[in-house]
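In: Provided below are the primary sequence and the corresponding predicted coordinates.
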Amino acid sequence: QVLLVESGGGVVETGGSLRLSCSIFDRTVGIYAMVWFRQAPGKERDFVAGISWDGNASRYADSVQGRFTISRDNAEKMVYLQMISLKPEDTAVYSCNAFLNTLYNYWGQGTQVIVSS
């Protein structure tokens, strides 16, 4: 079982920045791809950004490309999502996901991000 704890959410004005953090409580952290998802009120959960187990590859949703940056520090067991130029449509609960395969797939509780217009 992998425990994931997100932090760093809050309320920010349009154009502002936030950095989300995901603490990973597991000794095998280095084998998982890490992904950030978000879910806005009344909508389905959407992919935001993902990073490979070694941090050498990353991918972003079109809606956040160029504004969000995912990174990881396996030694510190942390994953980050740096968000700049935030828009009201970025308002959502952001969740961290550790993925190895369909059997080993873990989620955090999420952190709320609110972007005021």
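Out: Structure received.
In: for Pro41, give me its contacts.
Out: Ala92 (C-beta atoms under 8 Å, 6 or more residues apart in numbering). To be clear about C-beta, it is placed using only N, CA and C from the backbone, and glycine gets the same treatment.
In: again, 10 Å this time
Out: 91-93 (C-beta atoms under 10 Å, 6 or more residues apart in numbering).
In: can you show me the strands along the protein?
Out: For the chain, the strands defined by DSSP state E occupy 3-7, 10-13, 18-25, 33-39, 45-51, 58-60, 68-73, 78-83, 92-99, 105-107, 111-116.
In: how much space separates Ala40 from Ala75?
Out: Plainly put, Ala40 is 33 Å away from Ala75 if you go by C-beta to C-beta, to the nearest Å.
In: tell me how many other residues crowd Cys96.
Out: 26 (other C-beta atoms under 10 Å).
In: ok, what's across the strand from Ala49?
Out: Trp36, Tyr60 (DSSP bridges).
In: does it really touch Tyr60, like I thought?
Out: Yes - between Ala49 and Tyr60 there is a contact under C-beta atoms under 10 Å: 4.8 Å.
In: okay, these two: which has more neighbours?
Out: Counted by other C-beta under 10 Å, Ala49 and Tyr60 do not tie: Ala49 has more neighbours, with 23 against 18.
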